[in-house]
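Asker: Sequence unavailable; structure follows:
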């Protein structure tokens, strides 16, 4: 049985750059979906999306073709467009690749990021409770956590790395929306993130690479062992 997903998209004004705007709107809407909420394949309604955007179906089809090229959507002849879901094995592999790329970005950040940029990580992502004990709102699947890791990639100042990791972040956001919080993982994340910031500020490339990669691989292990809804 197929289930059509109602994708909430704001209407667009017809103007130059419409194709890119339709693409951006569809991609943003798809990223916000909980694609693992049901066992049914998440199917997109092309006509409905065009009506919500206030455009013809042609730019919607072109946007879907771009999203298919990126691996986010799959077009099935005579059946329509479906959001791609990953298996547990694929998600684990994504996290492993993410860990390796982020480790390189962190290493680059120790050389290329300014002192002010590195200090901003601590001010943005580390807080102190009433006992002055360091803590952070960095559940593995929270928006704050995603921003932390994106910040490290940006500080590496490599556009190639950033573009490669953007696609991986999308898959992590899908998983985040359908994952339960785990106290042990949260405690591990608090410790790991603070150690990563320490190593970045000290400009220790080998140390920060080891910490970032180890952090990512531990998440891959956690998903493999404890996330049961992925097949």
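Answerer: That came through, no problem. Just so we're clear, the structure is a prediction, and the values are computed from it rather than from any experiment.

Asker: list the helices and strands the top helix by length along the chain packs on?
Answerer: Longest helix in the chain by number of residues (criterion: DSSP state H): helix 88-112. Under the contact definition 3 or more CB pairs under 8 Å, 6 or more residues apart in numbering; DSSP states H and E, helix 88-112 sits against helix 143-155, helix 159-177, helix 183-201, helix 205-226. Every C-beta, even on glycine, is put in place using the N, C-alpha and C of the backbone.

Asker: in the chain, which residue is closest to the centre?
Answerer: Compute the mean C-alpha point of the chain, and by CA atoms, centre = their mean the closest residue is residue 169, 2.1 Å away.

Asker: so it makes contact with residue 150?
Answerer: Yes - with contact defined as CB atoms under 8 Å, residue 169 counts as touching residue 150 (6.5 Å).

Asker: Run the angle between the longest helix of the chain and helix 159-177 for me.
Answerer: Helix 88-112 runs at 140 degrees relative to helix 159-177, counting by axes from the mean of the first three to the mean of the last three CA atoms, to 10 degrees.

Asker: lowest confidence element among the helices and strands of the protein?
Answerer: strand 134-135 (a mean of 48; mean pLDDT, DSSP states H and E).

Asker: How about residues contacting the following helix or strand past the longest helix of the chain?
Answerer: Next along the chain after helix 88-112, taking DSSP states H and E as the criterion, comes helix 115-125. Contacts with helix 115-125, where a contact means CB atoms under 8 Å, 6 or more residues apart in numbering, come from 109, 136, 138, 144, 147-148, 151-152, 155, 193, 197, 200-201.

Asker: list the buried ones in helix 115-125?
Answerer: For helix 115-125, burial by neighbour count (16 or more other CB atoms under 10 Å) applies to 118, 121-122, 125.

Asker: Break this protein into its domains for me.
Answerer: 3-83, 88-226 (automatic domain parsing).

Asker: for the first one, the distance to its chain's centre please.
Answerer: When you say that, I think you mean domain 3-83. In terms of CA atoms, centre = their mean, to the nearest Å, the centre of domain 3-83 is set 18 Å apart from its chain centre.

Asker: I'd like the average pLDDT over it.
Answerer: Regarding domain 3-83, the rounded mean pLDDT is 85.
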